[in-house]
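Colleague: sharing a model prediction with you, sequence too.
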Amino acid sequence: MKYLLTSLFFRSSSDKAITVPDFATLDGPTNALKSRCQNNLPLGIVRSGERELMVVYDTFGCYVTKHGIPARQAHYVRWEGKAVAWAIRLPYILLFNSDFIEVRFVPTGRLIQVITAKDIRFLQTASSEKGPLLIAVKGEGDDKNGVTDKLVDITETKPIGGGPDEVFLDSQWAEWED
């Protein structure tokens, strides 16, 4: 028997169950979002600022208010692929499928990076926002014991020099050249 989760529920401070997104008021854009939500698999909810949450589905994400009402005129952010798992490293969300990992900026949904590999499998995260983020990827070729997998820890890196807008001068690298 398979189970299918079609909505996300949580208890509010008044101990009342809330469906997220809440489609109590249906207009044109909200009705279209409701249809999309019903046809996709919800994976979780991520905080996006003080007053909004991002509801993460397998093929898209949408923003809701802290009360679960669709925000941003019921627009959504479409993922590059179908996510089977996700992890949060604020302000980023990482979406996993077997061919690549999407890194997106939560407040805007903007695509930051795509990491490609063969047969990616999300293994674990130590906590929701800290600790190692472990994946397994298919190794290169077979050995006498079968296919070898690589265990990989995903770590955020930053450009040398402080930011992408900084221009590096050739003189900065002169000591490294022969």
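Modeller: Looks like it came in fine. Numbers count the residues shown, from 1 in each chain.

Colleague: and the protein, what are its domain boundaries?
Modeller: 1-78, 81-159 (automatic domain parsing).

Colleague: which of those domains has the lowest mean pLDDT?
Modeller: Of all these, the minimum mean pLDDT falls on domain 1-78 (a mean of 78).

Colleague: would you pull up how far that domain lies from the middle of the chain?
Modeller: Offset of domain 1-78 from its chain centre (Cα atoms, centre = their mean, to the nearest Å): 15 Å.

Colleague: bridged to Ile135, which residues?
Modeller: Phe122, Val152 (DSSP bridges).

Colleague: run a quick neighbour tally on it.
Modeller: Residues near Ile135, counting by other Cβ atoms under 10 Å, number 23. Every C-beta, even on glycine, is put in place using the N, C-alpha and C of the backbone.

Colleague: what of Arg104?
Modeller: By other Cβ under 10 Å, neighbour count at Arg104 equals 24.

Colleague: and Ala136, how far is that from Ile112?
Modeller: Distance from Ala136 to Ile112, counting by Cβ to Cβ, to the nearest Å: 23 Å.

Colleague: helix/strand/coil for Ser35?
Modeller: At Ser35, secondary structure determined by DSSP: H, G, I helix; E, B strand; the rest coil is helix.

Colleague: can you report how many residues lie near it?
Modeller: What Ser35 shows, counting by other Cβ under 10 Å, is a neighbour count of 11.

Colleague: now do Pro42
Modeller: 16.

Colleague: can you check Arg51 too?
Modeller: Arg51, neighbours per other Cβ under 10 Å, totals 11.

Colleague: contacts only, for it.
Modeller: Arg51 makes contact with Thr65, Lys66 under the criterion Cβ atoms under 8 Å, 6 or more residues apart in numbering.

Colleague: which parts of this structure are strands?
Modeller: Using DSSP state E, the strands of the chain run over residues 8-11, 17-20, 42-47, 52-57, 60-65, 76-78, 85-89, 92-96, 100-105, 111-116, 121-125, 133-143, 146-153.

Colleague: Tyr63 contacts Val56, doesn't it?
Modeller: No - the pair Tyr63 / Val56 is not scored as a contact, 10.9 Å apart, by Cβ atoms under 8 Å.

Colleague: identify the contacts common to those two.
Modeller: In contact with both Tyr63 and Val56: no residue, using Cβ under 8 Å, 6+ apart.
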